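In: based on what follows, work out the 3D shape:
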Amino acid sequence: MPHLTTKIIREEHAALSAMLRSILMLLVQHRKSGSLPDFGALRAMLFYMDEFPEQRHHRKESELLFPKLRARTPLSRDILDRLEEEHSRGERCIRSLEHSLLAFEMMGEARRAAFEQAAERYVAFYLAHMRLEEEHILPLAERVLTAADWAELDEAFATNRDPLTGHEPDDDYRALFTRIVNAVPAPIGLGAAR
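Out: The predicted structure follows:
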């Protein structure tokens, strides 16, 4: 039976996947119509990607889940190393994508293709990262972690309050999430297909 931590990680991955796919859908819609996207909405979406998954979700995986797996089994160490490196790279990638968006906003049409290509690369990178965690790491964790490990992980991950997984946003983030949800096309929301 899956543990609370596993459920939370999968829910957050589903929300992240929906957000990432919505970014690409938004760009496609505007490219087809020959219009410029709502740069404020895109900035809000990228800020979310940096603020929640990069700073909260990944941190708990890297500081809590992965060390427990390393302590319990020698299996998948190469995958854990890769995921750790991708967590570090993800922070750099989101900054680069934010800069590319700024260039598109400031320089106009001449920078559209570069931003769209950077967004496509980032989305592909992120989706592959989450798939690796879900297909290899979470099943391994279910097999090898102890009840004490799960109790500690469940307590830590239960504090995750990502509004895109159905939680009420903190007051500090309410306007951000309202803006994102109102500005983007489907599939944003709970249970979106990956």
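In: what about the helices in this structure?
Out: Taking DSSP state H as the criterion, the chain carries its helices at 4-33, 39-49, 58-60, 66-72, 77-107, 112-132, 138-144, 147-157, 174-183.
In: start and end of stretch 44-61, how far apart?
Out: One end of stretch 44-61 sits 24 Å from the other (Cα to Cα, to the nearest Å).
In: still on that earlier bit, just put the helices of the chain in a markdown table and tack on mean pLDDT and distance to residue 168.
Out: Where C-beta positions appear, they are placed from N, C-alpha and C, glycine not excepted. What follows is these, written out as a markdown table (pLDDT from 0 to 100; distance: least, Cβ to Cβ, whole Å):
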| stretch | mean pLDDT | distance to residue 168 |
| --- | --- | --- |
| helix 4-33 | 92 | 14 |
| helix 39-49 | 91 | 16 |
| helix 58-60 | 89 | 20 |
| helix 66-72 | 96 | 29 |
| helix 77-107 | 95 | 25 |
| helix 112-132 | 97 | 24 |
| helix 138-144 | 96 | 26 |
| helix 147-157 | 95 | 17 |
| helix 174-183 | 76 | 8 |
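In: what's around residue 3, how many residues?
Out: 19 (other Cβ atoms under 10 Å).
In: for it, which non-adjacent residue is spatially closest?
Out: residue 150 (4.8 Å; Cβ to Cβ, 6 or more residues apart in numbering).
In: same check, this time on residue 2
Out: In space, residue 2 is closest to residue 142, 6.7 Å off (Cβ to Cβ, 6+ apart).
In: okay, now that neighbour: neighbour count?
Out: That count, for residue 142 with other Cβ under 10 Å as the rule, works out to 14.
In: any idea how far it lies from residue 98?
Out: 35 Å (Cβ to Cβ, to the nearest Å).
In: ditto for residue 31
Out: 20 Å.
In: tell me which of these two has more neighbours.
Out: residue 98 (17 against 14).
In: for the closest residue to that one other than its chain neighbours, grab the count of nearby residues.
Out: Of all residues not flanking residue 98 in the chain, residue 46 sits nearest, at 5.2 Å (Cβ to Cβ, 6+ apart). Around residue 46 there are 21 other residues, counting by other Cβ under 10 Å.
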